[in-house]
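>>> Quick one: sequence and predicted model below, then my questions.
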Amino acid sequence: MTLPALVAGTELVGEFEDSGYREPPHLVCRPDGQIVRLPPLLYQVARALDDGRPVAGVAERLSRETGRRFTADHVVFLLDKKLAPLGITTYSDGSPPPQVRKNDPFLAFRFRLAVVPEHVTWFLSGVFAWLFRPALVAGTLLAFVAGEAWLWATQDTGTALRSVLSSPADVLLVVALAIASCVFHELGHGAACRYGGVRPGRMGCGIYLVWPAFYTDITNSYRLGRGGRIRADLGGVYFNALFVLVLLAAYGATGSPLLLVAVLSVHLEMVQQLLPTLRFDGYYIVADLVGIPDLFKYIAPILKRVVLRRPEDERLRALKRWPQIVVAAWVLFLVPALTLQLGWVLVNLPDLLRADWRTVELLLQNAHSGSSGYQVLGTVTACLQVLLLTLPVAGLALALFRPVRALARAIRRWWLPGTGS
């Protein structure tokens, strides 16, 4: 008879440090790289299997470690009903587990294309990891604050913006610098992981909702404590600040307005990344601060508890007190913020579409004026600007589609209980 065992390539990581749960879960890394959280009992079963024990031996070890009596039947149930369906162990008879699909969390980054393999990310992260030494971080932040004060107190950003928008070549250069800043942002996440002692994964690009985006797989940051996880979350914005300092130095040396506009574009990227509403860096900062990986699944329990005054469900009771307060505050900020954004878009949609159309006509008209070389640059620039005009409205509509659809279904079920989903 084949003994049950861990699936080949599974790694038992250990306790989830600084978690927001009353009973800290334990982490297991599946062969596909996904981190799975297990309650302590299931983790003990997996750990006992790692020693190559038969079912009876696992039951004996569990009984000894927990002070409770476990039989072989208990272990068989835990293997066949809990661990094997998660893709962590084989079934109790040794048969392989089913193919487990990766989780599809709400508003997740789904359309990914890995470009940089893991070993290259590891090398590049090592090149920049030294920038996270505390003295360098402090010096960078002081220089960034000083640079911001100089920029906003002495420079005419409006004139620089108008000058750049009138030149298709300058617009394309600003877009190129913005892309470079995004790539450097992702290197910041990887370097923060390596500085903390864990291995970053692959880097790539894709589409988040409707926005082109870059990513670095920092799943292994869950192996770190709270401070290490937040450092990995902030690493991208920190590298944006370094990029801004380089641009400001170049601007001070050359006086080129396109560098000033590039600084403004990096500022927009930093603000966007720090927003805690969608799954940008700000969201993960809040999640890692409280030690709860997926905040979105607590929206419904929090609203039922706070708005409908219903008793806490099992998911909320599993949280410590202060993380529950922070998550409740996040939910009570998120729902009105998204609702107001949706309302603003719906009310102003006709005006937005008319303004975008007029802008598109003007851009295309300007693109076809001048020399043939200018026309090519003008057309490319116009297309980029049109894309930037339409993405925010489309992105917000797509982000709100699922929650609005879920709300409509809930209302329909409430009014017409006999209808299905």
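Okay, I see it. Given the structure is predicted, the values throughout are model-derived calculations rather than measurements.

>>> now Gly201, what's its secondary structure?
Taken by DSSP: H, G, I helix; E, B strand; the rest coil, the conformation at Gly201 corresponds to coil.

>>> Chain neighbours aside, what residue packs nearest to it?
Excluding its sequence neighbours, the residue lying closest to Gly201 (Cβ to Cβ, 6 or more residues apart in numbering) is Asp217, at 2.8 Å. Quick note: C-beta positions are derived from backbone N, CA and C, even for glycine.

>>> which ones are touching that neighbour?
By Cβ atoms under 8 Å, 6 or more residues apart in numbering, Asp217 lies in contact with 33, 118, 200-203.

>>> other SSEs contacting whichever strand or helix holds Ala146?
Using DSSP states H and E, Ala146 falls within helix 134-154. Counting contacts by 3 or more Cβ pairs under 8 Å, 6 or more residues apart in numbering; DSSP states H and E, helix 134-154 packs against helix 226-254.

>>> quick one: average confidence on the helix it packs on?
The average pLDDT within helix 226-254 is 96.

>>> following that helix, which helix or strand shows up next?
Going down the chain from helix 226-254, the next helix or strand is helix 257-274, by DSSP H and E.

>>> pLDDT wise, what is Pro168 at?
72.

>>> now swap in Ala329 and tell me
Ala329 carries a pLDDT value of 93.

>>> give me the number of residues near it?
12 (other Cβ atoms under 10 Å).

>>> ok, now Pro25?
The local packing of Pro25 (other Cβ under 10 Å) involves 19 other residues.

>>> Distance check, it against Leu42.
To Leu42, Pro25 is 9 Å away according to Cβ to Cβ, to the nearest Å.

>>> Also Val335?
For Val335, the distance to Leu42 - Cβ to Cβ - is 33 Å.

>>> Ok, Cys205 next?
With distances taken as Cβ to Cβ, Cys205 is found 36 Å from Leu42.

>>> Which of the two has more residues huddled nearby?
When neighbours are counted by other Cβ under 10 Å, Leu42 comes out ahead of the other of Cys205 and Leu42, with 21 against 18.

>>> thinking again about what came up before, run through who's touching the helix or strand following the helix holding Ala146.
Remark: after helix 134-154, the chain's next helix or strand is helix 157-165, criterion DSSP H and E. Residues outside helix 157-165 that contact it (Cβ under 8 Å, 6+ apart): 151, 170-171, 174, 257-258, 260-261, 264.

>>> elements contacting whichever helix or strand comes after helix 157-165?
With elements assigned by DSSP H and E, the helix or strand that comes after helix 157-165 is helix 168-196. In this structure, helix 168-196 packs against helix 118-128, helix 157-165, strand 203-208, strand 211-216, helix 226-254, helix 257-274, helix 372-415, with contacts taken as 3+ Cβ pairs under 8 Å, 6+ apart.

>>> And helix 168-196, what's buried?
168, 170-171, 173-175, 177-178, 181-196 (16 or more other Cβ atoms under 10 Å).

>>> For Asp258, give its distance to Leu316.
Rather than Asp, residue 258 is Leu. Taken as Cβ to Cβ, the span from Leu258 to Leu316 is 51 Å.

>>> related to what we said a few turns ago, how far out from the middle of the chain is the helix holding Ala146?
26 Å (Cα atoms, centre = their mean, to the nearest Å).

>>> how much does that helix deviate in direction from helix 157-165?
On the basis of axes from the mean of the first three to the mean of the last three Cα atoms, to 10 degrees, helix 134-154 is oriented at 90 degrees to helix 157-165.

>>> for helix 134-154, which positions count as buried?
By neighbour count on 16+ other Cβ under 10 Å, the buried set for helix 134-154 is 140, 143-144, 147, 151.

>>> Just the closest of those to Val58, please.
Thr140 (51.3 Å; Cβ to Cβ).

>>> May I ask you to confirm that the closest one is in contact with Val246?
No - using Cβ atoms under 8 Å as the test, Thr140 is too far from Val246 to be in contact (11.2 Å).

>>> Just give the nearest non-adjacent residue to Cys205, would you?
Spatial nearest neighbour of Cys205, excluding adjacent residues (Cβ to Cβ, 6+ apart): Phe214 at 5.1 Å.

>>> On the pLDDT front, check that neighbour for me.
89.

>>> Next up, the contacts around it.
Contact analysis of Phe214 by Cβ under 8 Å, 6+ apart lists 182-183, 185-186, 203-205.

>>> Repeat that for Phe333.
Shown in contact with Phe333 (Cβ under 8 Å, 6+ apart): Pro276.

>>> so it sits in a strand?
No - assigned with three-state DSSP, Phe333 falls outside any strand and is helix.

>>> Can you tell me how far it is from Asp217?
On the measure of Cβ to Cβ, Phe333 and Asp217 end up 28 Å apart.

>>> Can you pull out the low-pLDDT segments for the stretch 151-300 of the chain?
Within the stretch 151-300 of the chain, the ranges that satisfy pLDDT under 70 run 209-211.

>>> just the angle between the helix holding Ala146 and helix 257-274, please?
If you take the same axes, to 10 degrees, helix 134-154 sits at 120 degrees to helix 257-274.

>>> what's the angle between helix 134-154 and helix 226-254?
50 degrees.

>>> contact partners of helix 134-154?
Residues from elsewhere that reach helix 134-154 (Cβ under 8 Å, 6+ apart): 130-131, 157, 238, 241-242, 244-245, 248, 260, 263.

>>> can you pick the most crowded of those residues?
Neighbour counts for the contacts of helix 134-154 (other Cβ under 10 Å) peak at Val263, which has 26 neighbours.

>>> Tell me the confidence at the closest residue to Pro97 other than its chain neighbours?
Leaving aside its chain neighbours, Pro97 sits nearest to Ala84 (4.3 Å; criterion: Cβ to Cβ, 6+ apart). Ala84 carries a pLDDT score of 91 in this model.

>>> Wait, Ala84 touches Gly94, no?
No - here Ala84 does not reach Gly94: they are 10.6 Å apart, not a contact under Cβ under 8 Å.

>>> Those two: which is more packed in?
Neighbours were counted for Ala84 and for Gly94 using other Cβ under 10 Å; Ala84 has more, 21 against 11.
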